[in-house]
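In: sequence? don't have it. structure:
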């Protein structure tokens, strides 16, 4: 297929480009620059939020779209999440109206809000951050406009992404920075909260698998399906990287909107991967 990947040069996008190419698809890469992308991609310079006539054609008339583009994903209460929402909606609606065959759109565990246990497609959503609110609203809007359309919609709900740690804004990136600065201790929470951690390359492989089929649709957890405490994961990260830094527990309070334990039910993605 000819697959348009928005946000192709971003934190996750670069890995997804490689994974989609590995599946044998042609990649149309959409972003503001293309510094970290292979020469084999087709660079799409028309902005996805532009008012260009026949935007679908200007973007290369793709067979399928992986929509990753999103500003300030690591800043959960940035105003841009709400400000950019109409533009994301407008872009996706234009693609559906143009008759694109398939769209896999990046979602987030933050759509769900406070929840204890495994998250399934039917889990109620009650987001508690602007990021979660915007993603959840976009998912609900796409459900409405795609109901009578021919486009296959796949909403990929991601959880706690690891990897490329120096390029992210995660706690792992902060630990790498602190280690390089020679800090002896890293101020930490209790670390008791349990999350669904997934390596960025594994996540990219799951996304490429999702777009490579149409049988499994709707909300799909792209996740490990396994809850691990933040303390255990961070301690393991420090050990695996042979860092000298130590965690100083209890310096920061746990965020009140974080669930004690939340993970994605990975039944759908397991089915997809087993059939490829």
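Out: Perfect, thanks for sending it. The shown structure was predicted, so the numbers you read here are calculated from the model rather than taken from an experiment.
In: where along the stretch 101-250 of the chain do the strands fall?
Out: In the stretch 101-250 of the chain, the segments counted as strands under DSSP state E, counting those that start in this stretch are 102-108, 117-119, 152-158, 160-162, 185-187, 194-199, 218-222, 227-229, 246-248.
In: what distance separates the fifth one from the centre of its chain?
Out: Strand 185-187 sits 28 Å away from the centroid of its parent chain (Cα atoms, centre = their mean, to the nearest Å).
In: partner strands of it, parallel or antiparallel?
Out: When sheet partners are counted by DSSP bridges, strand 185-187 sits next to strand 246-248 (parallel).
In: list the buried residues in the partner strand.
Out: Within strand 246-248, the residues that count as buried by 16 or more other Cβ atoms under 10 Å are residue 247. Glycine gets a C-beta too; all of them are placed from N, C-alpha and C.
In: how far does that strand sit from the chain's center?
Out: Offset of strand 246-248 from its chain centre (Cα atoms, centre = their mean): 29 Å.
In: now stretch 9-19
Out: Distance of stretch 9-19 from its chain centroid, counting by Cα atoms, centre = their mean, is 11 Å.
In: neighbouring contacts of it?
Out: 5-8, 27, 29, 31-38, 41, 66, 68-69, 73, 106, 161, 163-164, 167-168, 200-201, 203-205, 207-208 (Cβ atoms under 8 Å, 6 or more residues apart in numbering).
In: switch to 6 Å and redo it
Out: Residues outside stretch 9-19 that contact it (Cβ atoms under 6 Å, 6 or more residues apart in numbering) are 5, 7-8, 27, 31, 33-34, 36-37, 68, 167-168, 200-201, 204-205, 207-208.
In: and stretch 115-132, end to end?
Out: End-to-end distance for stretch 115-132: 13 Å, by Cα to Cα, to the nearest Å.
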